[in-house]
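> Let's see this in three dimensions:
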Amino acid sequence: FAGTETSPDERNLNISTNKSILSGDLDNDGIHSNNDAYHVIISANDAAAAELNGFTITGGNTSNTSSAILVNGASIYQYMGGGMYSSTSSPKISNCHFSYNVAKYGAAIYNGSATSPAAINNCNFTNNKATEYGGAIYNYLSSPIIAKSNFSGNKAIINGGALYNHTSSPLISYCMFSGNSADNTGGAIFNIISSPKISNSIFSVNSARRAGVLFNDTSSPKINNSLFVKNNALTDGAGAIWHNSGNDFTLTNCTVYGNTGGNTTWAGGIHAANTGFYSLYNSVVWDNEGGQLSGGGLIKNSLIQGFSSTANGNLDATNISTGQLFKNPNGQDGMLGTADDDFNLQTGSPLIDKGDNSLYSSNGGNLTTDQDLAGNIRLQGTKIDIGAYEKRLIPQTITASDMTKTYGDIPFVPTATASSGLEVSYVSA
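Take a look at the predicted model:
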């Protein structure tokens with residue numbers, strides 16, 4: 001607030017001054033110590049109407065003991081939820097920034113045993129650290145709705161650099177996961193007995209020893225309209241996704257590009273291990289170091305670098321180059337994994353109109369209302385494109401100049417221009 005507003009809607013959430021800060025740094029020394037609050041915020045029982053809007057939550061520092069306190073009849077354990085501990089509660093959290101919180105589980109937020117989903121909207125989670133699981137959020141028996149939020153620079157010493165989902169199936173949409181890390185598995189997300197739905201989200205420059213972005217154990221997420229780019233498995237493979245077990249893991253209209261697997265036995269793109277089985281529909285997997293795919297999966301209407309089979313509507317990748325597919329993956333700065341990367345489809349891209357509409361619709365998509373990753377209508381024309389981006393159909397005007405010619409005149413070329421800048425060609429009747 002600048003002090004002149006008459007309603008919360010007039011706030012400028014982008015200004016760096018006049019922040020409303022809730023801090024657990026009780027001794028104001030700027031470092032995490034035993035003198036800090038275990039939890040900055042607690043929401044326990046019967047708090048479905050509670051709302052947190054426009055705050056910075058920082059400096060929470062839980063202990064490693066199993067001690068607990070009772071709040072509204074709920075046990076609040078000291079080692080979870082440094083920024084916020086939510087137990088059997090479903091608060092609305094909007095326009096908040098969780099930063100520099102520490103916990104064993106869920107450094108920014110711990111969501112436990114919620115009977116109805118918490119709603120997290122337009123929030124930033126930066127530089128939070130879990131000494132074990134869930135660098136930003138740990139969900140247990142809780143399936144929050146997370147939308148339009150950014151997760152960057154969060155870290156888990158073991159699993160789930162940004163999110164750890166245990167018996168939970170959150171809905172995640174229009175989110176950005178960038179620069180998160182786990183020392184062991186799942187640089188961005190770790191799922192166990194969980195089936196989150198993820199849409200229209202970007203995963204870039206996340207890292208872990210294994211599974212640079214996503215690790216699934218007895219889990220079956222559904223992901224659509226999402227981009228995985230320049231993520232890294234440092235030593236053990238699966239630069240983007242490791243699907244360990246679960247037979248209903250589906251990626252639809254996703255782009256998996258430029259990820260790195262540390263072990264060439266397991267692909268730099270997507271790896272299925274043990275009983276894991278994935279379904280890959282209307283997607284492109286390209287330029288991943290250490291291979292594109294490994295393990296068992298069903299692939300339909302997709303383009304996989306190095307694959308030539310056209311069974312199930314797949315494209316033959318022979319003689320296809322990156323330049324034919326996308327406008328400019330490295331962006332103007334020439335660096336993959338930065339904000340100016342452009343994965344919109346190149347004019348004439350072989351990905352255009354090569355998807356299957358029914359595969360999209362049967363996996364939870366709505367061709368009428370859904371958007372692609374750039375915010376355009378998902379279906380342009382009659383057939384969906386392959387990948388996270390749809391080639392826009394732009395109306396154009398063709399302008400021709402008046403000409404008068406007589407039979408027998410020397411050969412001539414009519415002059416016409418298109419508003420799109422494309423060449424106008426002519427065929428005589």
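> ranges for the helices of the protein?
Under the criterion DSSP state H, the chain contains helices at 322-325, 357-362.
> roughly how far apart are the residue lying closest to His166 once chain neighbours are set aside and Ile146?
Leaving out its chain neighbours, the residue that sits closest to His166 by C-beta to C-beta, 6 or more residues apart in numbering is Tyr140, at 4.8 Å. For the C-beta atoms, the positions are set from N, CA and C on the backbone; glycine is no exception. For Tyr140, the distance to Ile146 (C-beta to C-beta, to the nearest Å) stands at 15 Å.
> now do Asp248
21 Å.
> The two: which is more packed in?
Counted by other C-beta atoms under 10 Å, Asp248 and Ile146 do not tie: Ile146 has more neighbours, with 27 against 12.
> residue contacts, the more buried one?
120-121, 137, 170-173, 175 (C-beta atoms under 8 Å, 6 or more residues apart in numbering).
> cool, and Pro350?
The contact partners of Pro350, taken as C-beta under 8 Å, 6+ apart, are 303, 315, 320, 324-325.
> Tell me the one of the residues you listed nearest Ser89?
Leu303 (44.9 Å; C-beta to C-beta).
> Can you give me the neighbour number for that closest one?
Leu303: 25 neighbours (other C-beta under 10 Å).
> dump the residue contacts of it.
With C-beta under 8 Å, 6+ apart, Leu303 has these contacts: 283-286, 314-315, 317, 320, 325, 350-351, 354, 386.
> distance of it from Gln371?
Look at Leu303 and Gln371: by C-beta to C-beta, they are 22 Å apart.
> same check, this time on Ser66
45 Å.
> Kindly report the same for Ser201.
Counting by C-beta to C-beta, the separation of Ser201 from Gln371 is 12 Å.
> neighbour count winner among these two?
Set Ser201 next to Gln371 and count neighbours by other C-beta under 10 Å: Ser201 wins out with 25 against 14.
> re the thing from before, would you turn the contacts of Pro350 into a markdown table with pLDDT?
Below are the contacts of Pro350 laid out as a markdown table (pLDDT from 0 to 100):
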| residue | pLDDT |
| --- | --- |
| Leu303 | 98 |
| Leu315 | 98 |
| Ile320 | 97 |
| Gln324 | 97 |
| Leu325 | 97 |
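> Quick one: which of those residues is the most crowded by neighbours?
Leu303 (25 neighbours).
> Pretty sure Ala317 sits against Ile299.
No - Ala317 lies out of contact with Ile299 (C-beta atoms under 8 Å); the separation is 11.8 Å.
> Need the overlap of contacts for those two.
Common neighbours of Ala317 and Ile299 are listed as Phe307 (criterion: C-beta under 8 Å, 6+ apart).
> list the contacts for the spatially closest residue to Asn191 that is not a sequence neighbour?
Among residues not flanking Asn191 along the chain, Ser219 sits closest, at 3.9 Å (C-beta to C-beta, 6+ apart). The contact partners of Ser219, by C-beta under 8 Å, 6+ apart, come to 165, 191-195, 245-246, 249.
> are any of those buried, and which?
Listed as buried from the contacts of Ser219 are 165, 191-192, 194-195, 245-246, 249; burial here means 16 or more other C-beta atoms under 10 Å.
> where does the residue nearest to the spatial centre of the chain fall, phi/psi-wise?
The residue lying closest to the centre of the chain (C-alpha atoms, centre = their mean) is Ser201, at 3.1 Å. Dihedral angles of Ser201 (phi, psi; degrees, to the nearest 10) stand at phi -130, psi 160.
> That one touches Ser226, doesn't it?
Yes - look at Ser201 against Ser226 with C-beta under 8 Å: they come within range, at 4.8 Å.
> How far does stretch 270-277 sit from its chain's centre?
21 Å (C-alpha atoms, centre = their mean, to the nearest Å).
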